[in-house]
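Trainee: From the sequence below, what's the structure:
(chains A and B)
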Amino acid sequence: GEDVEQSLFLSVREGDSSVINCTYTDSSSTYLYWYKQEPGAGLQLLTYIFSNMDMKQDQRLTVLLNKKDKHLSLRIADTQTGDSAIYFCAESPYSSASKIIFGSGTRLSIRP
Amino acid sequence: KAGVTQTPRYLIKTRGQQVTLSCSPISGHRSVSWYQQTPGQGLQFLFEYFSETQRNKGNFPGRFSGRQFSNSRSEMNVSTLELGDSALYLCASSSTGAANYGYTFGSGTRLTVV
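Mentor: Next up, the predicted model:
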């Protein structure tokens, strides 16, 4: 089946690293994504990882993929107040390449 | 390069009415997808169009329909509105239609049904 799960809330101190976790069920998923949604806005693609990769780094963002456990994580280094948003994990099932299945989103809040 | 444009940004409709939402994709993008976002159900896939053909459809009733024009602009229509249709409707475009490098989303149309 197609399902993506992630925790609802995460609170971190400014300057610390944030780690948002996600699990997915469709082992055939070819691409996995992290999207960011700020209040009143649409979704912004932060980064994606192809299923044959273990890790991808892009400036402050690091994505780790454990395909065996179907676990995806997003690490944000040196978290800033501007990182406050909802972060969505998403997968693209092989069986339906034009559809993206989203998790419920993790609300990241930053403490001073 | 202009992003994905959705109009209108906000709509208030009465139960039983119908509504049409519009989406202009990024120039050159031939695939347009629609998603419904609600606090209870999260982001749910409605349908995807590529070169004027619906290629994929989510689990929504027939009251939800869409179309795509030759210039890739897309509209979605909801007939006989219900209170539960109140949501943020997001449109996304991509060049290939396959999710590949991810979709670019518009800011959405917030529909309130009263």
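
Trainee: check contacts around the closest residue to B:Ser70 other than its chain neighbours.
Mentor: Using C-beta to C-beta, 6 or more residues apart in numbering or on different chains and skipping the chain neighbours, the partner closest in space to B:Ser70 is B:Glu52 (6.4 Å). (Each C-beta comes from the backbone N, C-alpha and C, glycine too.) Neighbour list for B:Glu52: B:67-70 [criterion: C-beta atoms under 8 Å, 6 or more residues apart in numbering or on different chains].

Trainee: now, which of these sits nearest chain A?
Mentor: B:Gln68 (12.8 Å; C-beta to the nearest C-beta).

Trainee: Backbone dihedrals for B:Ser74, both of them.
Mentor: phi -130, psi 150 (degrees, to the nearest 10).

Trainee: Model confidence for the residue nearest the centre of chain B, exactly?
Mentor: In chain B, the centroid-proximal residue (C-alpha atoms, centre = their mean) is B:Trp34; its distance is 3.2 Å. For B:Trp34, the pLDDT comes out at 96.

Trainee: tell me what the strand or helix carrying it is packed against?
Mentor: Using DSSP states H and E, B:Trp34 maps to strand B:31-38. Contact partners of strand B:31-38 among helices and strands, from 3 or more C-beta pairs under 8 Å, 6 or more residues apart in numbering or on different chains; DSSP states H and E: strand B:42-50, strand B:74-78, strand B:87-94.

Trainee: interface residues of chain A facing chain B?
Mentor: Residues of chain A found near chain B (C-beta under 8 Å from any C-beta of the partner chain) are A:30-31, A:33, A:35, A:40-45, A:48, A:88, A:92, A:96-105.

Trainee: same thing but 6 Å
Mentor: Counting by C-beta under 6 Å from any C-beta of the partner chain, chain A comes close to chain B at A:31, A:33, A:41-43, A:45, A:48, A:92, A:96-100, A:102, A:104.

Trainee: Residue numbers of chain B in contact with chain A?
Mentor: B:42-43, B:45, B:48, B:55-56, B:90, B:97-99, B:102, B:105-108.

Trainee: now, which of those sits nearest B:Arg63?
Mentor: Taking C-beta to C-beta as the measure, B:Arg63 sits nearest to B:Phe45 out of the residues of chain B next to chain A, at 16.1 Å.
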